[in-house]
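> Predicted model follows, preceded by the sequence.
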Amino acid sequence: MNTRTKIVSVAKLKGIIRRHRRQGRTIAFTNGCFDLLHAGHVAYLEQAKKPGRVLIIGLNSDASVRRIKGPKRPVNTLAQRAAVLAALACVDYVTVFGQETPYQLIRALRPDILVKGADWKGKEVVGSDIVKRVELIRYLPKFSTTKMIRSIKKSA
């Protein structure tokens, strides 16, 4: 599967999910801005992908990233961020949402598993009421897009 075929609309993804479920595959979902992809993101996504599992990324739109992270974000456009994510072998599909949270998207797709970083432990995970289970993956705190941007600005 090439990168372009991995970036799909919600409507198309619903049909894709039905086909995968008929084949007995588990649907896992995670989301984020993924503005500057770093080793922490890659490790997280590789852990989220397991045998027999289809991994779907809900990617925040540019407007959504600005509302969450501020007016100078995202650094990379939606098209750039989606292409980089789709190029990863562990990512099966990327779809976009424009809200601040992915609740409506999770409700539309109905994944089996919602994957989040372990930094969400003890917090309300949006969409946990929809999925069969929430899986928390070890968070690598030394990796942060915001910290990367600060470091770049300091060295410029």
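Done, it's in. Keep in mind the model is a prediction, meaning the values are calculated, not measured.

> and L114, that one's in a strand?
Yes - L114 sits within a strand when classified using DSSP: H, G, I helix; E, B strand; the rest coil.

> mind listing what it touches?
Contacts here follow C-beta atoms under 8 Å, 6 or more residues apart in numbering; on that basis L114 touches A28, F29, T30, I106, V125, G127, S128, I130, V131, R133, V134, E135. All C-beta atoms are positioned from the backbone trio N, CA, C, and that covers glycine.

> Tell me the secondary structure at the residue nearest the centre of the chain.
Nearest to the geometric centre of the chain sits N31, at 2.8 Å (C-alpha atoms, centre = their mean). Reduced to three states with three-state DSSP, the structure at N31 is strand.

> I'd like the distance between it and G58.
Per C-beta to C-beta, to the nearest Å, N31 is found 4 Å from G58.

> Spell out which residues are contacts of both of the two.
With C-beta under 8 Å, 6+ apart as the test, N31 and G58 both reach F97, P102, L105.

> Just confirm the second one contacts T30, I think it does.
Spelled out, it's P102. No - with contact defined as C-beta atoms under 8 Å, P102 does not reach T30; the gap is 9.0 Å.

> Now H20: closest residue in space that isn't a chain neighbour?
Using C-beta to C-beta, 6 or more residues apart in numbering and skipping the chain neighbours, the partner closest in space to H20 is V54 (4.9 Å).

> secondary structure class for that neighbour?
Strictly by three-state DSSP, V54 counts as strand.

> Could you do the one 3 residues further on as well?
Using three-state DSSP, the three-state assignment for I57 comes out as strand.

> check contacts around it.
F29, T30, N31, G32, F34, L45, L85, V91, Y93, V94, T95.

> what's the longest helix seen in the chain packed up against?
As assigned by DSSP state H, the longest helix anywhere in the chain is helix 10-22. If you count contacts as 3 or more C-beta pairs under 8 Å, 6 or more residues apart in numbering; DSSP states H and E, helix 10-22 packs onto strand 26-32, strand 53-60, strand 93-97, helix 103-109.

> Among those, which comes closest to K154?
strand 26-32 (24.5 Å; C-beta to C-beta).

> Tell me the buried residues in stretch 97-115?
Of all the residues in stretch 97-115, those buried under the rule 16 or more other C-beta atoms under 10 Å are F97, P102, L105, I106, A108, L109, P111, D112, I113, L114, V115.
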